[in-house]
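Asker: how does the following fold in three dimensions:
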Amino acid sequence: MDEVLKALLNIQKDIAQQKQDMIDVKENIKESKESINKNIDEKFDRIEAKTKQLEEKIEKQQNSIDFLEKQMRKKNIVK
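Answerer: Residues are numbered from 1 along each chain as shown. Predicted structure coming up:
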């Protein structure tokens with residue numbers, strides 16, 4: 001009878017340890033997920049900043065092109 005009781009207690013301890021291990025794994029996954037999400041957010045922020053810079057640069061270049069076209073039309077008219 002004592003052997004059965006010891007075996008059951010060992011099984012109970014094993015189950016408790018497995019439960020704790022699963023909780024630990026869950027926490028590790030949660031921390032990893034948060035870290036991955038943070039990294040992705042940072043990368044998207046950098047991409048958005050670069051995109052905005054490029055849009056501003058394109059707008060400035062378009063304004064320059066428009067100005068040069070106006071100058072060319074004025075010169076053609078004056079001739």
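Asker: so where's the chain shaky on pLDDT?
Answerer: Along the chain, the parts satisfying pLDDT under 70 run over 78-79.
Asker: center of it, which residue is that?
Answerer: Most central in the chain under C-alpha atoms, centre = their mean is residue 40, positioned 1.1 Å from the mean C-alpha point.
Asker: so that residue versus residue 31, what's the distance?
Answerer: With distances taken as C-beta to C-beta, to the nearest Å, residue 40 is found 15 Å from residue 31. Glycine gets a C-beta too; all of them are placed from N, C-alpha and C.
Asker: cool, residue 72 as well?
Answerer: Counting by C-beta to C-beta, the gap from residue 72 to residue 31 is 61 Å.
Asker: quick one: the helices in the protein?
Answerer: 2-78 (DSSP state H).
Asker: now for residue 18, how many residues are close by?
Answerer: Look at residue 18: counted by other C-beta atoms under 10 Å, it has 10 neighbours.
Asker: try the one 10 residues further on
Answerer: Residue 28 is flanked by 10 other residues according to other C-beta under 10 Å.
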